[in-house]
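structural data only, the sequence is not supplied:
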């Protein structure tokens with residue numbers, strides 16, 4: 001198709017070429033996502049609108065956003081949102097961008113809901129520990145109709161973002177929010193049927209290996225831990241205290257440390273421990289339970 005100056009296709013091609021020169025991975029895909037968000041069009045619809053002229057304001061804004069991407073700013077932070085499982089959540093540089101691996105955590109629990117007794121008529125209490133944008137807990141709350149979720153994070157700005165995402169899906173009456181170091185700010189005696197968590201788990205020693213899109217933009221508080229063992233022992237201890245008899249824990253973690261984490265959980269009294277592979281065949285998730293009443 002011949003491209004005409006001033007059209008959607010013209011600026012899409014120029015932007016792709018610019019991102020290629022800046023060595024941005026998947027430049028055409030990124031250029032399309034940014035443009036589809038700007039025009040409020042599904043990405044697939046761009047292909048039927050190639051000859052559409054862009055207005056000057058659209059051109060200026062698109063150029064600004066493409067320049068941002070050329071500086072390695074993630075597309076999700078440029079558009080302010082990210083698809084996750086069956087939903088779409090607001091994100092900012094105050095929270096991690098939801099990952100496909102974390103979608104797998106939600107999908108595992110949803111598909112095994114009957115087996116895990118997560119479809120009982122009674123109210124199911126979920127705690128999203130280190131909740132960030134709230135994508136895990138809020139997704140499960142929508143997938144499990146009888147559930148109520150508590151979201152907690154050390155970052156006040158992260159909790160503000162999770163509140164915004166709860167409002168988007170009208171979940172305010174089924175969600176509670178706490179700025180908290182693990183469970184320290186939670187009410188005494190509050191216990192849960194299910195705890196889910198994607199906590200910081202990358203040792204600070206691995207920072208040099210992290211790609212700049214992540215290292216330069218995503219919150220280090222949500223990514224890195226100075227002492228993996230110390231932090232996770234505190235996390236597992238808090239989870240053990242807060243789970244009801246027979247309650248379940250599912251967490252994402254570092255594949256290189258999951259066996260150590262499994263042993264730690266076992267020593268604290270967790271049972272039914274299971275390491276679960278992600279789609280890349282890495283041991284990414286740890287499942288555990290507290291013993292049920294006999």
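Alright, I've got the coordinates. Just so you know, these numbers come straight off a predicted model, no measurement behind them. Numbering: from 1, shown residues only.

now residue 33, nearest residue through space, not along the chain?
Nearest residue to residue 33 in three dimensions, chain neighbours excluded: residue 75, at 5.2 Å (Cβ to Cβ, 6 or more residues apart in numbering). In this view, the C-beta of every residue, glycine as well, is placed from N, C-alpha and C.

neighbours of the one you found, just the number please.
22 (other Cβ atoms under 10 Å).

pick out the residue closest to the middle of this protein.
Nearest to the mean C-alpha position of the chain, by Cα atoms, centre = their mean, lies residue 98 at 2.7 Å.

touching, that one and residue 87? I think so.
No - if you go by Cβ atoms under 8 Å, residue 98 and residue 87 don't touch, sitting 9.5 Å apart.

ok so, going back, and the pLDDT at the residue nearest to residue 33?
Note for residue 75: predicted pLDDT of 97.

mind listing the helices for this structure?
Counting by DSSP state H, the chain has these helices, from start to end: 8-21, 27-39, 56-70, 75-79, 100-111, 135-143, 156-168, 212-215, 220-223, 228-242, 258-267.

just how off-centre is the second one within its chain?
Taking Cα atoms, centre = their mean, to the nearest Å, one finds the center of helix 27-39 at 21 Å from the center of the full chain.

what comes into contact with that helix?
Helix 27-39 has contacts (Cβ atoms under 8 Å, 6 or more residues apart in numbering) with 8, 11-12, 15-20, 24, 42-43, 45-46, 49, 58, 61-62, 65-66, 69, 75, 78-79, 81.

about what we covered before: residue contacts, the residue nearest to residue 33?
Contacts of residue 75 (Cβ under 8 Å, 6+ apart): 30, 33-34, 69.

and if we set it to 10 Å?
24, 26, 29-34, 37, 65, 68-69, 81-82, 97, 213 (Cβ atoms under 10 Å, 6 or more residues apart in numbering).

domains of this structure?
What automatic domain parsing lists as the domains of the chain is 8-71, 92-289.

mind putting these into CSV with mean pLDDT?
Below are the domains of the chain laid out as CSV (pLDDT from 0 to 100):
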stretch, mean pLDDT
domain 8-71, 94
domain 92-289, 95
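
ok, and which of these has the densest surroundings?
domain 92-289 (a mean of 18; mean count of other Cβ atoms under 10 Å).

please enumerate residues in contact with stretch 254-261?
Residues contacting stretch 254-261 (Cβ under 10 Å, 6+ apart): 201-203, 206, 225, 228-229, 232-233, 235-236, 251-253, 264, 273, 275-278, 280-286, 288.
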